[in-house]
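**Student:** here is a sequence with its predicted model. Questions after.
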Amino acid sequence: MNTLRIAGGQVLRPDATVEDADVLVDRDEGTILDIGADLDADADETLDAEGCLVTPGLVNAHCHVAMTLLRGYADDKPLDAWLREDIWPAEAALTPEDVRVGAELGLVEMIKSGTTAFADMYFHVPEVAAAVDEAGLRARLGHGVVTLGKDDEDARADIDESLDVAREFDGAADGRIRTAAMPHSLTTVAEDFLREFVADAHAEDIPVHYHANETTDEVDPIVDERGERPLSYAKELGMLTADDFLAHGVHVDDAEIDLLADAGTGVVHCPASNMKLASGMAPVQKLLDAGVTVGLGTDGAASNNDLDMFDEMRDAAMLGKLAADDASAVAAGDVVRMATAGSADAIDLPGGALEVGGAADLAVVDLDAPHLTPANDLVSHLAYAARGSDVRHTVCDGRVLMRDREVLTLDEDAVMARAGEAVASLRERV
Ligand SMILES: CSC[C@H]1O[C@@H](n2cnc3c(O)ncnc32)[C@H](O)[C@@H]1O
Ligand SMILES: [Zn+2]
């Protein structure tokens, strides 16, 4: 057996307690063999975790990873204008090679900040999948479908591509890649297409992921035209099942929260994107109280503007308190759970907890820093004080992706250089 030991650190357990322990990993199986203070087995490789906290790898449950290329390209606009005036015209010019390098850039950023799994909605998915395979993370990938402004033939081709990609890449990268059918939203895919698309996906046990209830500009027309709330419409279309998960859920009323809880549909909260686009404040404490599975996502780097899940935890806690008008709402333990087990549950990927027999997906956070001193409460530090740059080692599926802050699976400098060239060329074309 080929083993890895993460030695000498403190370990965050699923019950949010922290104990002095080593973690022993079976690298062949990608699972945790043991967690304990006096493990006597020798290991083939050891990662030093002295003065560090070993946490589950963070799970970014909603992202458009290749949008790193559009970071800083268009800021300070609301969602609709931002998409229509800036983002969609630029995306129309992206080549498969652009998406590959944009994805690699995002994956370097994720590995460096302790993220080991993510869900992604974009296009040129084969390029995203190849980047994930090389980088060593886990992902649930899908081709995002927009039928708005397309004729029947083009709309059907987009839907077919989404289903084909979901079939072809499920189980790729030694099983680290899973897939979903991804209609962009309830307003950008026409009803007839949506109904057929969702039924076809579910008939093959393919989960569905979409944006929903993000802005009032999106909710109000549905209410006006249909006389029902968006998630009641989604339920009619068959898009509220326990396998499905939606991004945002900012403007949900109490009846919609009950629908989500009853159905077991996951909600991915994206606080930074919601603040930057002034979309609104999701009622996260209400969702948690109702028993909804809540994960955490960055959304794309053009509306965030980074892929650092530590930032996202802090933003979720701060915004959750404001939304509830209650400083005790969305507490540190809640956001750490959302960024780990909550996200992993929502997107149904392994990971999110450090337990024997579970996936060996973890991040080792270096606590030896002024902003993490004194170590009064390490869960508090993860939520409120730590930064992505505090991550020292990242492990996914038992493989070391970053050791002592050096990314091992991708060439960080080369990726940054290629991304710079891709954007220079994109700017000439757009
Ligand atoms: C068709 S692929 C996915 C599509 O979604 C766009 N996008 C990025 N951020 C958001 C957001 O917050 N709400 C809705 N859509 C978003 C992205 O640019 C791609 O075009
Ligand atoms: Zn999004």
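**Tutor:** Structure received. Ligands and ions are numbered 1, 2, ... in the order given.

**Student:** how about Ser295, what does it touch?
**Tutor:** Residue 295: Gly, not Ser. 59, 61-62, 245, 266-269, 338-339, 342-347 (CB atoms under 8 Å, 6 or more residues apart in numbering). The C-beta positions use only the backbone N, C-alpha and C, and glycine is treated the same way.

**Student:** confirm it sits in a strand?
**Tutor:** Yes: per DSSP: H, G, I helix; E, B strand; the rest coil, Gly295 lies within a strand segment.

**Student:** gap between it and Leu58?
**Tutor:** Distance, Gly295 to Leu58, by CB to CB, to the nearest Å: 11 Å.

**Student:** overlap in contacts, those two.
**Tutor:** What both Gly295 and Leu58 touch, as defined by CB under 8 Å, 6+ apart, is the set Ala339, Ser343.

**Student:** re earlier: looking at the contacts of Gly295, which are in helices?
**Tutor:** Members of those lying in helices (criterion: DSSP state H): Ser343, Ala344, Asp345, Ala346, Ile347.

**Student:** bridging residues for the residue nearest to the fourth one when sequence neighbours are not counted?
**Tutor:** Leaving out its chain neighbours, the residue that sits closest to Ala346 by CB to CB, 6 or more residues apart in numbering is Gly266, at 2.9 Å. According to DSSP bridges, the partner residues bridging Gly266 are Phe245.

**Student:** ok, the ones in helices among the contacts of Gly295 vs ligand 1, which is closest?
**Tutor:** Ile347 (15.8 Å; CB to the nearest ligand atom).

**Student:** would you mind giving me the confidence score for the closest one?
**Tutor:** For Ile347, the pLDDT comes out at 98.

**Student:** so where do the helices sit in the stretch 251-400 of the chain?
**Tutor:** 254-263, 271-276, 284-289, 309-324, 332-337, 343-347, 378-380 (DSSP state H, counting those that start in this stretch).

**Student:** doesn't Ala37 make contact with Asp22?
**Tutor:** Yes: taking CB atoms under 8 Å as the definition, Asp22 is a contact partner of Ala37 at 7.3 Å.

**Student:** distance check, the residue nearest to Ala21 when sequence neighbours are not counted against ligand 1.
**Tutor:** Once flanking residues are discounted, Ala21 sits nearest to Val11: 4.5 Å by CB to CB, 6+ apart. Val11 is 35 Å from ligand 1, where distance means CB to the nearest ligand atom, to the nearest Å.

**Student:** OK, contacts around Val11?
**Tutor:** Here Val11 is in contact with Val18, Glu19, Asp20, Ala21, Val23, Ile35, Leu53, Val54, Leu354 (criterion: CB under 8 Å, 6+ apart).

**Student:** what do you get for Ala74?
**Tutor:** By CB under 8 Å, 6+ apart, Ala74 lies in contact with Trp82, Glu85, Asp86, Ile87, Ala90, Ala302.

**Student:** TSV for the residues you listed, including pLDDT and distance to ligand 1?
**Tutor:** Shown next, in TSV, are the contacts of Ala74 (pLDDT from 0 to 100; distance: CB to the nearest ligand atom, whole Å):
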residue	pLDDT	distance to ligand 1
Trp82	98	8
Glu85	98	12
Asp86	98	10
Ile87	98	5
Ala90	98	9
Ala302	98	7
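
**Student:** okay then, goodbye and thanks.
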